[in-house]
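K.L.:
sequence unknown, structure follows:
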């Protein structure tokens, strides 16, 4: 393996792969965005977002100070009307069919300063923070970009060329992102207009760069920020002893077989935290639990089956290829990687509702190909991500998150005998955990100043009293909620019974009214009306005393007689 600044070259079975990061390559030969590349980019994205959001407050202070000067200047010189006209002309000024108001916030504010000069008529825009919902859009962009590079790689392989081509920008539309589905389920539940606003926000924050617009009916093009971007590029070499260069002009046969997951490198990163973490991470994940089974062949076709669960559940079980299951497997991180991300505050703004996982988890629980162990691990990791914002302003060490993970793994999403239930039951139990942690987050959010234990203490299952400040006490909140739901069902049944009685009483009254109408028309006699009331079991006897009142009412409604 050779390292050169931001490139790491690895040779497998006659094929050389360069890991490119912290830069955008000028040319490419066989571009790949693998699952580990996407996970790494999402990790870098979260770190970038946290740093950017911290800077937004300071930037907005400067913007407000500048705008205050503009307001004072306009008011002093009585230029209100001129300021309105100047802003309209400035925003609608077009260059290459791209209006000024469509510029990024930073470019717009720089242009405002240049345009204003000494005449402070234009105000700057405020910077906006990046929220949890924007991560879902960015994740779909990465997925589409990977498919785009796959198409390019197939074309280059068909041409059998060994010459590099210019590295392409991301080419996408908000409509294609909003309408993207996976196994019939939408990847994100946003409209095209919302996705467009998300892309603008990503551009304003610098997450996407070199943004170019060519018309409302055409795709937009951009690069991903070099500090976030990472990919693999394959070089073709003649033999294992040949030195590695960026692009080789000779033509050699493509010998790629399997480079999807570099297991040895991942095991090295796992480290030996202690016996529990080492055994669970290396044995459960590196040997199959989170291993990607895609295989890069000449035709670049994925495997038809997913066999990483063979021997794990017994009976040599072979799962069919399932795109949703493979996607969810890709969401499972190595425990050490997840714990490092939690320590680095990468999930301080995580929102389970914004991740749109509910429908995917339900589909997977019923028809998916994931094993119980994989599905449970995914749910536990989602639970920890949901809990992470509670410690947003605290410096929590890796060991505290590690011990908390062990306690959660020992206690939750298990049967009383310690075994793992079926996936439908796991999802049902996960719903209780979701309510409890969401209620805890609302509780802490309602307090201006609160003191909370570190995760290893907070998730101690023996802290069941309210004054002990543990997660175990939230079980009482869950019981109260369930009791409220039971009472709500009882109230609903009582109201339904009352409504049924009212409808029944109204129906009886209508029957008597019909007979009285026949009596007024002369079709029946009054004794027949009384006889009908007395002999009909559905009509109470006390209606006999109501007959005179009904006759008086119906007599005053002459128009009813001739219906």
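P.N.:
Done, it's in. Predicted model only: the values in this text are computed from it and were never measured.

K.L.:
what about the stretch 401-550 of the chain, any weak spots by pLDDT?
P.N.:
Counting by pLDDT under 70, the stretch 401-550 of the chain shows low-confidence ranges at 449-450, 486, 501-506, 537-538, 540-541.

K.L.:
same thing but at 80, please
P.N.:
By pLDDT under 80, the weakly predicted segments of the stretch 401-550 of the chain are 447-451, 466-469, 477-478, 480-495, 497-511, 513, 533-547, 549-550.

K.L.:
do the stretch 251-400 of the chain as well
P.N.:
Under the criterion pLDDT under 80, the flagged ranges of the stretch 251-400 of the chain are 251-323, 353-356.

K.L.:
Now do stretch 21-34, average pLDDT.
P.N.:
Averaged across stretch 21-34, pLDDT comes to 87.

K.L.:
Okay, and the residue nearest to residue 370 when sequence neighbours are not counted sits in which element?
P.N.:
Excluding the flanking residues, the one nearest residue 370 by Cβ to Cβ, 6 or more residues apart in numbering is residue 325, at 4.9 Å. Using the backbone N, CA and C atoms, a C-beta is placed for each residue, glycine as well. Assessed by DSSP states H and E, residue 325 sits inside helix 323-331.

K.L.:
tell me which residues of that helix are tucked away?
P.N.:
Buried residues in helix 323-331, counted by 16 or more other Cβ atoms under 10 Å: 324-329, 331.

K.L.:
Which helix or strand lies directly C-terminal to it?
P.N.:
Going down the chain from helix 323-331, the next helix or strand is helix 335-343, by DSSP H and E.

K.L.:
Phi, psi for the closest residue in space to residue 324 that isn't next to it in sequence please.
P.N.:
Spatial nearest neighbour of residue 324, chain neighbours left out: residue 183 (4.4 Å); criterion: Cβ to Cβ, 6+ apart. Main-chain torsions, residue 183, degrees, to the nearest 10: phi 60, psi 40.

K.L.:
can you count the residues close to residue 548?
P.N.:
10 (other Cβ atoms under 10 Å).

K.L.:
ok, now how distant is it from residue 460?
P.N.:
Taking Cβ to Cβ, to the nearest Å as the measure, residue 548 and residue 460 are separated by 76 Å.

K.L.:
Next one: the most centrally placed residue in the chain from residue 197, what distance?
P.N.:
Closest residue to the average C-alpha location of the chain: residue 355 at 1.4 Å, with Cα atoms, centre = their mean. Note on residue 355: its distance to residue 197, by Cβ to Cβ, is 18 Å.

K.L.:
And residue 446, by the same measure?
P.N.:
30 Å.

K.L.:
Same check on residue 101?
P.N.:
On the measure of Cβ to Cβ, residue 101 and residue 197 end up 14 Å apart.

K.L.:
Just give me how far stretch 196-215 sits from the chain centre.
P.N.:
Centroid displacement of stretch 196-215 relative to its chain, using Cα atoms, centre = their mean, to the nearest Å, is 20 Å.

K.L.:
Buried residues, it. List them.
P.N.:
Here stretch 196-215 shows 196-205, 207-209, 211 as buried, counting by 16+ other Cβ under 10 Å.

K.L.:
What angle do helix 323-331 and the helix or strand containing residue 157 make with each other?
P.N.:
Residue 157 is part of helix 132-159, with elements assigned from DSSP H and E. Counting by axes from the mean of the first three to the mean of the last three Cα atoms, to 10 degrees, helix 132-159 lies at 110 degrees to helix 323-331.

K.L.:
So what touches the next helix or strand after helix 132-159?
P.N.:
Next helix or strand after helix 132-159 toward the C-terminus (DSSP H and E): strand 165-166. Contacts of strand 165-166 with the rest of the structure, by Cβ atoms under 8 Å, 6 or more residues apart in numbering, involve 26-29, 152, 156.

K.L.:
Quick one: buried ones out of those residues?
P.N.:
In the contacts of strand 165-166, burial by neighbour count holds for 28-29, 152, 156, counting by 16+ other Cβ under 10 Å.

K.L.:
Taking those residues, tell me the two that lie furthest apart.
P.N.:
The distance between the two most remote of the buried ones among the contacts of strand 165-166 (Cβ to Cβ) is 10.3 Å, for 29 and 152.

K.L.:
Specify the local secondary structure of the closest residue in space to residue 134 that isn't next to it in sequence.
P.N.:
Sequence neighbours aside, residue 198 is the residue nearest to residue 134 in space, at 5.1 Å (criterion: Cβ to Cβ, 6+ apart). Look at residue 198: counting by DSSP: H, G, I helix; E, B strand; the rest coil, its state is helix.

K.L.:
gap between residue 198 and residue 141?
P.N.:
Counting by Cβ to Cβ, the gap from residue 198 to residue 141 is 9 Å.

K.L.:
same check, this time on residue 50
P.N.:
Using Cβ to Cβ, we find residue 50 at a distance of 19 Å from residue 141.

K.L.:
mind checking the backbone torsions on the closest residue to residue 27 other than its chain neighbours?
P.N.:
Excluding the flanking residues, the one nearest residue 27 by Cβ to Cβ, 6+ apart is residue 164, at 3.5 Å. Main-chain torsions, residue 164, degrees, to the nearest 10: phi -70, psi 150.

K.L.:
if I look at residue 164, how far off is residue 438?
P.N.:
Residue 164 sits at a distance of 50 Å from residue 438 (criterion: Cβ to Cβ).

K.L.:
more crowded one of the two?
P.N.:
Shown here are residue 164 and residue 438; by other Cβ under 10 Å, residue 164 has more neighbours (20 against 15).

K.L.:
Distance-wise, check the more buried one relative to residue 30.
P.N.:
In terms of Cβ to Cβ, residue 164 sits 9 Å off from residue 30.

K.L.:
what separates the longest helix seen in the chain from the chain centre, distance-wise?
P.N.:
Ranked by residue count, the top helix of the chain under DSSP state H comes out as helix 474-521. Once both centres are worked out by Cα atoms, centre = their mean, helix 474-521 turns out to sit 41 Å from its chain's centre.

K.L.:
Kindly report the same for stretch 185-196.
P.N.:
11 Å.

K.L.:
and that stretch, how far apart are its ends?
P.N.:
The straight-line separation of the ends of stretch 185-196 (Cα to Cα, to the nearest Å) is 21 Å.

K.L.:
would you say residue 233 is within a strand?
P.N.:
Yes. Assessed by three-state DSSP, residue 233 belongs to a strand.

K.L.:
ok, it - how many residues close by?
P.N.:
Neighbours of residue 233 under the rule other Cβ under 10 Å: 24.

K.L.:
And for residue 92?
P.N.:
Around residue 92 there are 10 other residues, counting by other Cβ under 10 Å.

K.L.:
Would you agree it is in contact with residue 100?
P.N.:
Yes. With contact defined as Cβ atoms under 8 Å, residue 92 counts as touching residue 100 (7.3 Å).

K.L.:
quick one, phi/psi of residue 172?
P.N.:
Dihedral pair for residue 172: phi -150, psi 170, per degrees, to the nearest 10.

K.L.:
I'd like the numbering to begin with 58 instead of 1 from here.
P.N.:
Sure, I'll start numbering at 58, so the last one becomes residue 229.

K.L.:
For it, list the residues it contacts.
P.N.:
198, 201-202, 276-277.

K.L.:
neighbour-wise, which of the residues you listed leads?
P.N.:
In terms of neighbour count, residue 202 stands highest of the contacts of residue 229 at 23 neighbours, by other Cβ under 10 Å.

K.L.:
Brilliant, that's me finished.
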